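Colleague: give me coordinates for this.
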Amino acid sequence: MKAQEKTKWTIDPSHSKIGFKVKHLMISNVMGNFREFEGQVTTIGNDLSTANISFSLNSASVDTEMADRDTHLKSADFFDVGNYPKITFSGSGLKDLGDDMYELTGDLVIKGVTKKVVLPVEFGGLMTDPSGNVKAGFSIGGKINRKEWGLNWNAALEAGGVLLSDEVKIICDVQLVKAA
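Modeller: Here you go, the predicted structure:
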């Protein structure tokens, strides 16, 4: 019996966004994204449950549309980009939950700290673009506690509470391109 061939996919950066949001002043959200990232996925045929995922982003590419805040995020208080230039994720397989919903489990590494995370994934489908490239679309969400990765900086507020919540919401839309 012949084993099915491996299918290789790469992230299409022009049709993908890797973002996050965090509560600020406990009343609203600050959103940001990373401008530089890359990722590869290998599956057996088109079977997503067999996916091996390798992803990295340039932590210095953080962009919250405010230069002073971005500089602070790049400092040792947060991402410490001088010592930890990459944030990485590696996962093995997606658990099919039905109705195009999956559960992605993998290791997220921030500032040299590795923690297992479980993220919900919505599969948008497969489509061939006008140039003949097969694409797959995904929306990835979830929440992490930033303190688990040593992102501890915060400030107490006079009226009570803190400047930033510990919870960070992950907001990613990813389009993969199947290798020819």
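Colleague: residue contacts, Ala156?
Modeller: Shown in contact with Ala156 (CB atoms under 8 Å, 6 or more residues apart in numbering): 162-163. Backbone N, C-alpha and C define where each C-beta goes, glycine included.
Colleague: pLDDT at it, what is it?
Modeller: Note for Ala156: predicted pLDDT of 77.
Colleague: and it, bridged to which residues?
Modeller: Here Ala156 sits in beta bridges with Val162, going by DSSP bridges.
Colleague: Leu25 versus that one, what's the distance?
Modeller: 12 Å (CB to CB, to the nearest Å).
Colleague: what of Leu176?
Modeller: Taking CB to CB, one finds Leu176 at 37 Å from Leu25.
Colleague: settle it for me: which of those two has more neighbours?
Modeller: Neighbour totals were compared for Leu176 and Leu25, and Leu176 leads with 25 against 13 (other CB atoms under 10 Å).
Colleague: tell me if the more buried one really is in a strand.
Modeller: Yes: assessed with DSSP: H, G, I helix; E, B strand; the rest coil, Leu176 lies in a strand.
Colleague: show me what contacts it?
Modeller: 9-12, 41, 135-138.
Colleague: right, I'll call it a day here.
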